[in-house]
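1. Next come a sequence and a model predicted from it.
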Amino acid sequence: MIDIQNQPDYRNIPINKVGIKGLKYPIKVLDKTTGLQSTVAQISMYVDLPHQCKGTHMSRFVEILHLFRTKVSLESLTNILEDMKEILGAESSHIEITFPYFIEKKSPVTSAKGLMDFTCSIFGSSNASHDTDIVLKVAVPVTSVCPCSKEISDFGAHNQRGEVLVSTRFEKFIWIEDIVNLVEKSASCDIFSVLKREDEKYVTEQAYNNPKFVEDIVRDVAKALIEDINITWFSVSAENFESIHNHSAYAYIEQHNS
């Protein structure tokens, strides 16, 4: 049969990224407590396309992924990226993997157990020189109490749920749990899936006694990341979904660690 995508193209325009997007696929990721955790990821895979090529072979992306249907690791990502370039005749390759990651948390007073889900993403790319770049991104929900509101109010202070996004490049493997723990320590209080009355009292008072602006949160997270010699680059943002405004409060820091 005629393979149309193998026909030459005469428009003389290369394509930076071409491939598949939004593929749902079962994966296993490293779990600090249990060793491995099974989850379902949404995966996108791309390569570059030279100006003389009409199209790429879309089915080969899924075939390549199927060969590595074991745990997601730095080694497996590097191998996938190299295979993508070799099999598809490309100079650069890219993969994006987004998945829910579950961590069991105990409530602070009664130790009631519940699972918290955290949205995580891994971005990988490789160039013609076989340089591999890996970025881990973790979204962590938090609670914050406004220091200004606490200072000026006779009763209470407005509080809200927020989300902290941390992206990192690193020398050696980094645990998702460690990123989550770092962020939660930087908020007014962390969030739990199960709270009894005694726990709710503790969480409410803990947050009230530890008010944080979004500026405080991103600076505290950034300070911890700067002090970690394993981190070579990071970005951190904090967004508070304000309880007394129809908009969010937001702060962002990006830095290379020397």
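-> Okay, I see it. From a predicted model like this one, the values you see are computed outputs, not experimental measurements. Numbering: from 1, shown residues only.
2. hey, where'd the helices end up in the chain?
-> For the chain, the helices defined by DSSP state H occupy 58-67, 74-88, 147-152, 176-186, 197-208, 214-226.
3. Kindly reformat those helices as a markdown table containing distance to residue 15.
-> Heads up, the C-betas are built off the backbone N, CA and C, glycines and all. Compiled in a markdown table, the helices of the chain are given as follows (distance: least, C-beta to C-beta, whole Å):
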| stretch | distance to residue 15 |
| --- | --- |
| helix 58-67 | 13 |
| helix 74-88 | 12 |
| helix 147-152 | 50 |
| helix 176-186 | 33 |
| helix 197-208 | 49 |
| helix 214-226 | 35 |
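4. Now tabulate these in CSV and tack on distance to residue 39 and mean pLDDT.
-> Output for the helices of the chain, formatted as CSV (distance: least, C-beta to C-beta, whole Å; pLDDT from 0 to 100):
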stretch, distance to residue 39, mean pLDDT
helix 58-67, 15, 90
helix 74-88, 15, 91
helix 147-152, 37, 93
helix 176-186, 11, 97
helix 197-208, 27, 96
helix 214-226, 24, 97
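5. Quick one: the ones you listed as TSV, columns for mean neighbour count and distance to residue 36 too.
-> Putting the helices of the chain into TSV (neighbours: other C-beta atoms under 10 Å; distance: least, C-beta to C-beta, whole Å) gives the following:
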stretch	mean neighbour count	distance to residue 36
helix 58-67	15	18
helix 74-88	17	13
helix 147-152	12	41
helix 176-186	19	13
helix 197-208	15	30
helix 214-226	19	26
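6. quick one, which of those helices is nearest to residue 244?
-> Taking C-beta to C-beta, helix 147-152 is the member of the helices of the chain nearest to residue 244, at 8.0 Å.
7. pretty sure residue 29 is touching residue 71, no?
-> Yes: between residue 29 and residue 71 there is a contact under C-beta atoms under 8 Å: 6.5 Å.
8. list residues touching both of these two?
-> Taking C-beta atoms under 8 Å, 6 or more residues apart in numbering as the criterion, residue 29 and residue 71 both touch residue 36.
9. In contact with the residue nearest to residue 102 when sequence neighbours are not counted: list those residues for me.
-> Nearest residue to residue 102 in three dimensions, chain neighbours excluded: residue 115, at 4.8 Å (C-beta to C-beta, 6 or more residues apart in numbering). Residue 115 makes contact with 102-105, 193, according to C-beta under 8 Å, 6+ apart.
10. Now the residues you listed in CSV, please, with extra columns for distance to residue 141.
-> Shown next, in CSV, are the contacts of residue 115 (distance: C-beta to C-beta, whole Å):
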residue, distance to residue 141
102, 13
103, 12
104, 16
105, 12
193, 10
